[in-house]
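Visitor: need a 3D model of the following:
(chains A and B)
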Amino acid sequence: MKKTILALLVFMVFTCLLLPQQEYVLRIQKGMPSIPLAIPDFLVRGDSAELQQAAADIHTVFQADMAYSRIFNPLPANYYKWIRALDTNDLHFKDWESIQARLLVVGEVSQEGADILFEAKVYDVRSERFIFGKRYQAEKSLLREAAHRLSNEIMRIHGETEIFTTKIVFVSNRDGNDEIYMMDYDGYNQTRLTFNTLKDYMPAWTTDGKGVAFTSYRDQRAELRILYPWEGRVTTLDAQGTNWAPNFSADGKKLAFSSTLIAGNSEIYTADADGKNIKRLTINNAADTAPCWSPTSRQMAFTSDRSGTPQIYTMDAEGSNVRRVSFGGTYHDAPAWSPDGDRIAYVSRVDQIFDIYILNLSSQQIIKLTESYARNESPTWSPDGRHVIFTSTRSGTIQIYSMDYDGKNVRKLTSQGENKLPDWSR
Amino acid sequence: MKKVVILSLATILVLSFFVSCKKEVAQAPPPPPQVTEQPQPKVETPPVKEEPQLTEQEMFMRKTLEEINAEKPLSLIHFDFDKYFVREDAKSILQQNAAWMKKFTSSKILIEGHCDERGTEEYNMALGEKRAKAAMDYLISLGIGADRVKIVSYGKSQPLDPGHNEGAWDMNRRGQFVVIGK
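Guide: Residues are numbered from 1 along each chain as shown, chains lettered A, B, ... in the order given. Here you go, the predicted model:
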């Protein structure tokens, strides 16, 4: 990570950035039409084929990010043929307005020693104003990262959560046994994090994204470990029995998990974020599992079979004020609280088919997100609450998929071996 | 001239005598090692005859845990869909397993609880634990010390049969026994 940061020397090009930024206020709500974005091909300053390719690669990644955002809508490529070619000396804003563009992104790519220099300027078409500019110097292997950084910047300017450099941690058996892996939000750069012959299972990011808690089967038990991959350090929770389903609170202070410290029955426990100071939260004969903190860190959703079948409940962070929130089914599990706090995504089993639903906590409205004759489970929210990543057996093996909050734009992120139990960093 | 010839002949004779003497000394040593090697195998044979006299207990103690588990002394049991109670057909298997543990009184076991793929990941972990606990409780009721049994849940992460049909699911809902101490 450090290397990435070092390699990407990001600096503001224009000092007069603040003023136009303050004037440009545009907050997009859900359900509103997305902002049409003109992203003509990036200009190449040089004639090497390698540079041409680099410009095309950055353009592709940036355009895909914007299309994924559900906030910005890149114009179809053929629109650009209807107007004059891009001229950096005279931008002809009226041309861009004629093809319905609201924003114009002008990119230039050049060589800087062994690195690629990528410069982007963003304009508001109607007011014919420059909004901001960024310059990224990156190693050739980090061009995707450079594109994601620019996408983040555009999200930030619009008061949105920067999701494009977030990572997904998951379990894969592609190398023979279940190990922990991570990948970019779009499925690229799949990287192995654990190397052993034991089973590693159910990973979860720490709040700051610097560590991964997971279940590790060793010494005849299932213990929870927290791996800090960039520091090369591991800590182990001092808890007997089977331990699983770790989940860190949004404020970064607490870790909730399921454990059978008292043999046989699963209860919910909390610990400090470093795994120390373990406390029991639920006390009954039923199985309580799958804890998930609310974005305020004051509440928790979890699964319990205290009613006879597994159902979703919420409770306060201290274990009091337990309320059942799932009804109308006989098998619910894997609650995932949305980052805006309004919704809980969960899995419902009907006739041995699992589908992902979203419960709106204030309206009590339920939306079914998946519709396939398969097992869809393990939902996890994007940090901006606009996307859900989940696993599905629809292709025959368990793979990780992404979809939007309304079930649209389903795309498969993995294909090597079996891949499951994703958790999206914040 | 004659004197020189006689002297040189004499020295050759003397030298050839010494050389021939050395050869005789050099040829002599090899035979002894062959003789000393032969008796050794005769000494080694007797201990082999003693081995069959070991008791079953001693045989058990001599094996590694891997060797013991490879013999599968403890049979696995199966559970009903979504359930964790010990079925009637599982009780007789658990009785056999308990009898084995009573025979080898120092043995310790781990019971792994497993589920089929028709439950969700998290809840299956709780269910697997309950299955292992139910099997453990039954062994304890048969007189096995609680300190000799440990349990762990694998949820649905370790199916025996990778299939997606009733037969595979029946096979995968199981309690599996591993010898972890002797």
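Visitor: so which residues of chain B form helices?
Guide: For chain B, the helices defined by DSSP state H occupy B:2-27, B:31-37, B:40-44, B:46-50, B:56-62, B:65-70, B:88-103, B:121-141, B:166-172.
Visitor: before we move on, what about the stretch 101-250 of chain A?
Guide: Ranges of helices within the stretch 101-250 of chain A are A:143-157, based on DSSP state H, counting those that start in this stretch.
Visitor: residue 156: neighbour count?
Guide: No chain specified, so I'll use chain A. 13 (other C-beta atoms under 10 Å in any protein chain shown). Heads up, the C-betas are built off the backbone N, CA and C, glycines and all.
Visitor: please go with chain B instead
Guide: Neighbours of B:K156 (other C-beta under 10 Å): 21.
Visitor: also B:K91?
Guide: Counted with other C-beta under 10 Å, residues neighbouring B:K91 total 13.
Visitor: wait, it touches B:Y138, no?
Guide: Yes. Contact criterion C-beta atoms under 8 Å: B:K91 and B:Y138 qualify, at 6.9 Å.
Visitor: got the residues of the stretch 301-426 of chain A near chain B?
Guide: A:303, A:305, A:310, A:331, A:333-334, A:347, A:349, A:352, A:354, A:375, A:377-378, A:420-421 (C-beta under 8 Å from any C-beta of the partner chain).
Visitor: so which strand or helix has A:V347?
Guide: strand A:343-350 (DSSP states H and E).
Visitor: what comes up buried for that strand?
Guide: Under the neighbour-count criterion of 16 or more other C-beta atoms under 10 Å in any protein chain shown, strand A:343-350 has A:343-349 buried.
Visitor: turn the residues you listed into JSON lines, including pLDDT and distance to A:A56.
Guide: Converted to JSON lines, the buried residues of strand A:343-350 look like this (pLDDT from 0 to 100; distance: C-beta to C-beta, whole Å):
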{"residue": "A:R343", "pLDDT": "97", "distance to A:A56": "38"}
{"residue": "A:I344", "pLDDT": "98", "distance to A:A56": "41"}
{"residue": "A:A345", "pLDDT": "98", "distance to A:A56": "36"}
{"residue": "A:Y346", "pLDDT": "98", "distance to A:A56": "41"}
{"residue": "A:V347", "pLDDT": "98", "distance to A:A56": "40"}
{"residue": "A:S348", "pLDDT": "97", "distance to A:A56": "43"}
{"residue": "A:R349", "pLDDT": "97", "distance to A:A56": "45"}
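Visitor: which one of the residues you listed is nearest chain B?
Guide: A:V347 (5.4 Å; C-beta to the nearest C-beta).
Visitor: OK, contacts around that closest one?
Guide: A:332-334, A:354-357, A:376-379, B:120 (C-beta atoms under 8 Å, 6 or more residues apart in numbering or on different chains).
Visitor: now A:D87, what are its backbone angles?
Guide: phi -130, psi 110 (degrees, to the nearest 10).
Visitor: now swap in A:Q63 and tell me
Guide: Dihedral angles (degrees, to the nearest 10) for A:Q63: phi -60, psi -40.
Visitor: equivalent analysis for A:N321, please.
Guide: Per degrees, to the nearest 10, the backbone of A:N321 is at phi 60, psi 50.
Visitor: ok, it - contacts?
Guide: So A:N321 contacts A:M315 (C-beta under 8 Å, 6+ apart).
Visitor: measure B:K182 to A:M202 for me?
Guide: The gap separating B:K182 from A:M202 is 32 Å, by C-beta to C-beta, to the nearest Å.
Visitor: and the two? which has more neighbours close in?
Guide: Shown here are B:K182 and A:M202; by other C-beta under 10 Å, A:M202 has more neighbours (31 against 14).
Visitor: could I get the pLDDT score of residue 176?
Guide: Reading this off chain A. At A:G176, the model reports a pLDDT of 92.
Visitor: you answered for a different chain; I wanted chain B.
Guide: B:Q176 is given a pLDDT of 97.
Visitor: what's the spacing between it and A:A287?
Guide: 20 Å.
Visitor: which one's more surrounded, the two?
Guide: With neighbours defined as other C-beta under 10 Å, B:Q176 and A:A287 compare such that A:A287 has more, 26 against 20.
Visitor: what's the distance between the closest residue to that one other than its chain neighbours and B:R173?
Guide: Spatial nearest neighbour of A:A287, excluding adjacent residues (C-beta to C-beta, 6 or more residues apart in numbering or on different chains): B:A126 at 3.7 Å. Per C-beta to C-beta, B:A126 is found 14 Å from B:R173.
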